[in-house]
Structure formats: structure tokens, C-alpha cells
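In: Sequence and predicted structure below; questions after.
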Amino acid sequence: MSRAETVDAEHPRIWAVVLQREVRDLWTGGRALVMCLAFSLLLSVIAYLVATNTDLNFLEQRESVSLTLQVATAVGALLALLVAGDAISGERERGTLETLLLTPAPRGQIATGKLLAALTLWLASFAVTVPYVWRLGSGVGIVMEALAVGLVVGTLLAIFLASLGILISVFSNSNRFSLSLSLFVLLALFAPSQLPSSAEQGWAGNLLMRFNPVTAGEHFVGRIVVNGHSWSEDISWLVSPVIAAVVFAALVPLAAGRFISLRGGVSG
Amino acid sequence: MTPVVEANGIAKLFGQLLAVDDLTVALEAGEVLGILGPNGAGKTTAVRMLTTILAPSRGSFSVAGIPHTRPEEIRRRIGVLPESAGYPGGQTGEEYLTYHARLYGYGAGRAREVARSLLDELGLLERARSPISAYSRGMRQRLGIARALVNDPVAVFLDEPTLGLDPAGQRQVLRSVRTIARERGAAVLLSTHLLNEVEENCSHVLILNRGRVIAEGTVSEVVSRAAAPRRVRLQVAPEEVERAAAALAAAPGVGRVEPAEGESGWLRVELEANGHGNGAPNPNEPIRALLDAAIALRSFEVDGTRLNDAFLAITEAS
Amino acid sequence: MTPRRHALPLLALAAIALALATGAHAASSPAGFSATVDRTRISTELGRTFVFRSTIANEGAAADDLIAHLNIVSLRSDVYVDPEDWSTHRTRYLGSLAAGGSRTITWRLKAVNSGAFDVYVAVLPRSGHARRPVTGPVVAVAVAGRKTLNAGGILSVALGVPAVLGVLAVGLKLRRRRA
């Protein structure tokens, strides 16, 4: 059997090969660890400021746990988005994309492997958050509930945003453009959460909050952690994060298979 | 023998710009085809079409009998060293090759074996565990060639493989090119702007200019078809240089005449195709002209006809 | 027409008027309703959940569409109470209650403020003229404060986690440099 025939016969799962390589490059290369360190410093400052306020009443402590979770979700998703935004446009800039495209590896699987690798940043961020939430939340008995809701909502948002980052990266000719656009989109999604609560009351405000996966997810976290609602009471707020995660994650291999090329955009 | 790489009239349009037009090529196993052309001639575009990175706007091609409409299958059979290949600095040479071997479908253990074997073949085994960021330019090119061989390809495409290398590095790379064709039996397409590389390593040459094929064939076929002006150098007494130049300029079949700078008494003469006989340049014409002018000839040299001359003549004419 | 003939329509009209008047009272004011609680004093700590039961009894005619609503009042002016924070199910729709019937409702609350509070249940019909609620007895809730945050505890996490990650990052960098 010639070497070429042997190659065809073995055929490992390409997305797993890419995932393994990307995770190694991210973590043993040190880039991801430095991001997590920066993230932990941010959380430390927030947690310490919150914890040293001894006049904190019960509800405000719940709000502190909610704030910590929301910071974790936002920054964890941001890290996943940044890594994903570099996935294809970064390879293009570094000149390594062509050799990747010259392999028979299905392009959709390459993109899927990179998406999963980007999500490890979210999982690591969440792991870093656990001791903070445990310390802040154990006094009010909401640790497990807070961690559960943070994990679910954060994972959905991370999948959505990382997928969006990959899609932007496929179509961007430069890494600078890809990362700028990704950050802009992230800010635009988080912006409605800064509106006054009265703005959310009308049907338009309510629709905006529910339609936007980021604000819907944050709202859900708040209801569970701060207001002590059960999951089933506010489950409708999870609809847009779930749909966004599923739809955008499904788009990644489809768009990558069709549109990845040496130059950003549709290949000639 | 069925060609390993066969292209029929492939062309590439970028908007209104015709980057490559009507390229037809047939390359057999063990052959080395050199693609020559000035900057912007379309060499890299041609290579990218044949390696499925770019889809042709017109025409068709096949590799190992696989039509261009099945690019993933073609990619399984070819190896490519792109012109501007980048390398992940944080990975070692062994990690890099192992990864690419796995992308071609090898299992983890086999991929590592293949990687180490290729590193050994290309003289990089000692630096297998060093990060690529520590490799010299020549080592990176050899790593790139190793990567192009990871799937034991039937056709290998090398786009400017000696770019930026010192002469020793160039020699090493070109030796590998010959080995690929001779020992592996692969068809090799070598795109370069270095004419001596093509002369020394290629059995066939194809000259591109402004996207069009302007000459193709064996090296000697291309050279003789080009009817390149040959050059001769003549030495006369220093005081006779002016008279000799006038006599030569008036002679038939003689083109430009100029004194050789820094060389007293020497004249450089370009010969043109004459209107007599077979039309080829006649190196005897300058000698006849000097004899007729009663100017003593001290020395006479003929510049060998090189691909370099043919290339310049052909590209300038087109 | 004879007087006897006039009496019948008049009697009918009076009966109808009487029925209407009685029905309106019944619909508009749950007179005959009472709300009782199983305990009137509760002591708890900040953050703890406590439970009490109120029983709505109908001592009058059958009533439709009743609502029971929970209210919480702080007895200290400097303590702000948002009842939604204490309980997410403050309003219970009881539907109809037959004459002589009763319904027991369990109220589950979380003490989210410390201090002294009065908790009471109001029962009212959903619709009708001049609706008047009936309130049950007040449940006096005393919530003791407790320190739920330990600044020293958070310091160990705030310093420890970045320290561990920093050591890992430095170790990795040294390992790469050696390689």
C-alpha cells in the first residue's frame, strides 16, 4: 500500500486534530494563561471592594454575586471572542492560512476546531470565577445556584460570540479589522443593559432586551441570583441566547466551508 | 505516459484584470517544469490555480487524473511550498510536520514517524525539537519542502523555493528538488525568477509574461526559438578602438557596438539575425568587418547563449 | 286593571331589585370573609426563608374570583422594603369560594432586610362595585442581622487566585525559554 493510500485509510476527525493543536498553541504558548491572569486581577479588585463593604445587606450581597457573574460572563465571552476573531484573519496575516488551505482538511472542520479552542478561554474564565463566587455567595446560600446559572448562560453567550468572531474572521482581510468589528459588536450587544430600567418596561424595550441574547442572558442571571426566582419562572429569557448559540454555531462550518479563502470574502 | 498534471487553457480573471490567460501544460512523473517570468507575470496565480487555492475562470485541469472540480481529492495528492509561506514560530519543526501529517489523515503515531523521517531527509532532525522561530530562512524553506512531501505527493509545486537564501542554501534546496523528481518520481513544478535554477534543474521551461505563455519547451528549444542576439567581445589596439567601432557598426548582422568599460582595447558587439541564410546571428561578421578595415584583431570571445539571454529577449519582445 | 293584577308585576320587580341588591353586596364586598394566620410572631435571621399559612374562610354567600395579596411593611423608616424581593408569589388567584368553604394558602418569604416588619394578607374580589378588601391579622416578623461577608476570606481568594495563575504563567515562560 502506498503512503498516499494509507493516508486515506486512517482519516482521523480533523476538527479534533485542529482543536488539539490550537489548544496547545493557546495554552502552552502562554497567551491564554496571561489573559486568565488579567481576568483574575479584575475579579479580585471587584470582589475585594464588594466584600469590604460591611454594611452590605443581604440583597446587595446577592447583587454582588450577580455582578461578579456578569463580569465573568462578559469578560469570559470577550476572551473567547478575541481568540475566535483571530482564528482565520490572524492566519491570513501570519501567512499560515495558505498551507492550511492546501491540506485536504475540510474547511468547516478547521473552523469548528478553532471555535472549540476559543471556548476553552470561557471555560477557564469560569473556573477562575468559581472561588470568588463561592466566597461571596456562601454567606447567602446561593453558591451552587449562581454557579449553575452562570455556567449555562455564560456558555451559551460564549458559543454565540465566539461563533460570531469566527464568522467575522472568515470575511476579514486583516486581523485589525476583524478584532475591531468583533469588539464593536460586543459593545453594541452589551449597551442596552446600561439603559435605565424604565426603558425596559415598554413593549419595545422589553422586546429589545429579550431579543438581544446578551441582555436576555444577563437578565436571567439577575432574576435567579438576585430575585431568587426559579428557572422555570423566567425560562423565556433563555430563548434568544439558546437560538443565537445554536444558529451561529451551525453557521460556522457552513460559512467556513463555502467562504474561507486566501483573501477575506468570497473566493474567486 | 499519462501526464500527472494536465491543464487545458486555464485562465484567471480578477475583475477586469486577466492575470493568467490560456495556460496549457502537461507534466509527467519525474519531470521538472520551470515556470519563469518577471514580477507580475502570473506565475503565482498559475501555481495557485493548479493547487486549487484559486478556481480557474476558464479552462480545466487535472492532477493524477482527478479533475479540478474535485479540489479536496487533488489536495490529497499534491504537495505545495507557497511563495509566502508563514510558519507558526511557537511550534517546533516536529510539531509542525506532525500536525500537517495529521491534517492529511495520518493517525498520531504514524504522523510523528512521517515527520521525523522527513526532517531527517531534509537535514533538520537535529533541530526537530527547536521552535521554528529559531530556524534560519534556509531551514524554514527546507521545513516547507518537508511539509510539501508529508503526503508522498504525485506532484510537487514549489513557488520561489530559494527566495532569500544564500548560495549554499539555494544549492541545498535545489538538490532536494532534483531528489524529489528523481527518487520519488513526482512531477515537480518549480516557479522561479532565477534563470540559472531553471537551466540547471528543469527538463522543461515555460515562460510567462503578463499572464500569457510566450515560450515553452525544453531549455535548448526555448533558447534556439528565441533567436537571441549573441554577443562577442573583440580586442584591438587601444588607438584603433574608434575606427574599429565605426567599421563594426557598419557591418551587416551587427547591432550595438560599445567599448567595454575599464578594459582597454576591448569592444562588446551584439549580433543580430541577419537577412541571409538561416537568419541566425553570424559571429564571423565582426571579424570580416575588421579585416576589411585592415584593423588587427588581438582577441575574440563569443558569449555562450544562455537562457538568461533568451528570457530577456523574449520578455522584452512581448 | 284590578289591584291584584298590579301586585304581581310589582312583587316580581321588588324581588328582582332585592336579588340584585343582595348580589351586588356579595360581589362587591366579601362581607362574611375572614382571614386568619397560623402564627402572629416570627423571628428569623437575615437571608433565611420562613413560612406562614393564612386561611381564608367564607362565612357568607358564595363568592367568585377572589384574590389574596401579601404585603410587607417596614416598621423602621430607614429600611426600604421591596416586597418582590421577599416573595415572588405575592398575589394568589383563589377563584370562587363556596359559602362556608375555606382555603389555606402557604406563604414562603425570604428575609432580605434586617429589622422589624409587619406582614399581612388582604383578600378582595377581583371585580364589582365599591370593592373593599378584608385583611388578616398582622404577622410581626423580627429579622436579626448577621454578618454574611468575611473580608479576610475574600482576601485569600483575591490574592491567591492571581498568584497561582501568575506562578503558572512564569513557570511556563521559563520552560519555553529552556526548551
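Out: Great, that's in hand. Numbering: from 1, shown residues only, chains lettered A, B, ... in the order given.
In: What is the least confident helix or strand in chain C?
Out: Least confident helix or strand, chain C: helix C:3-28 with a mean of 43, by mean pLDDT, DSSP states H and E.
In: quick one, phi/psi of residue B:104?
Out: Torsion angles at residue B:104 (phi, psi; degrees, to the nearest 10) stand at phi -90, psi 0.
In: can you count the residues close to it?
Out: 26 (other CB atoms under 10 Å in any protein chain shown). Where you see a C-beta, it was placed from the backbone N, CA and C, and this is true even at glycine.
In: do the same with residue A:50
Out: Applying other CB under 10 Å, we find 21 residues neighbouring residue A:50.
In: contacting residues around it?
Out: By CB atoms under 8 Å, 6 or more residues apart in numbering or on different chains, the contact set of residue A:50 is A:56, A:64, A:67, A:68, A:136, C:154.
In: and it, which of the three is it?
Out: With DSSP: H, G, I helix; E, B strand; the rest coil as the basis, residue A:50 sits in helix.
In: ok, it to residue A:136 distance?
Out: Residue A:50 sits 7 Å away from residue A:136, going by CB to CB, to the nearest Å.
In: Can you tell me the element the nearest residue to residue B:82 once chain neighbours are set aside falls in?
Out: Spatial nearest neighbour of residue B:82, chain neighbours left out: residue A:98 (4.6 Å); criterion: CB to CB, 6 or more residues apart in numbering or on different chains. Per DSSP states H and E, residue A:98 falls inside helix A:97-101.
In: Downstream of that helix, the next helix or strand is which one?
Out: helix A:107-137.
In: So which of the contacts of residue A:50 sits lowest on pLDDT?
Out: Across these, the bottom pLDDT score, 57, is held by residue A:56.
In: before we move on, the earlier item: pull up the overlap in contacts between residue A:50 and residue A:136.
Out: Residues touching both residue A:50 and residue A:136 by CB under 8 Å, 6+ apart: A:64, A:68, C:154.
In: Test my guess that the residue nearest to residue B:82 contacts residue B:81.
Out: No: taking contacts as CB atoms under 8 Å, residue A:98 lies outside contact range of residue B:81: 10.1 Å.
In: Neighbour count: these two, which is higher?
Out: Neighbour count, other CB under 10 Å: between residue A:98 and residue B:81, residue B:81 has more, with 27 against 20.
In: So what does the more buried one have for phi and psi?
Out: phi -110, psi 100.
In: residues touching residue B:198, list them.
Out: B:34, B:36, B:190, B:192, B:205, B:219, B:307.
In: for residue B:207, same thing?
Out: Each residue near residue B:207 by CB under 8 Å, 6+ apart is listed here: B:36, B:37, B:213, B:214, B:215, B:216, B:222, B:311, B:314, B:315.
In: got the residue ranges for the helices in the stretch 101-250 of chain A?
Out: Assigned by DSSP state H, counting those that start in this stretch, the stretch 101-250 of chain A shows helices spanning A:107-137, A:143-171, A:175-190, A:203-211, A:213-225, A:239-259.
In: likewise chain C?
Out: C:3-28, C:83-86, C:151-178 (DSSP state H).
In: now do the stretch 101-250 of chain B
Out: Taking DSSP H, counting those that start in this stretch as the test, the helices found in the stretch 101-250 of chain B are B:108-121, B:137-148, B:167-183, B:195-201, B:219-226, B:241-250.
In: nearest residue to the most centrally placed residue in chain C other than its sequence neighbours?
Out: Taking CA atoms, centre = their mean, the centroid of chain C lies closest to residue C:70, which sits 2.6 Å from it. Once flanking residues are discounted, residue C:70 sits nearest to residue C:90: 4.4 Å by CB to CB, 6+ apart.
In: Tell me the spacing between the closest residue to residue A:214 other than its chain neighbours and residue A:161.
Out: Excluding the flanking residues, the one nearest residue A:214 by CB to CB, 6+ apart is residue A:189, at 4.2 Å. From residue A:189 across to residue A:161, the span is 8 Å (CB to CB).
In: ok, these two, which is more surrounded?
Out: Between residue A:189 and residue A:161, residue A:161 has the larger neighbour count (other CB under 10 Å), namely 32 against 20.
In: Hmm, that one is touching residue A:81, no?
Out: Yes: with contact defined as CB under 8 Å, residue A:161 and residue A:81 form a contacting pair (4.5 Å).
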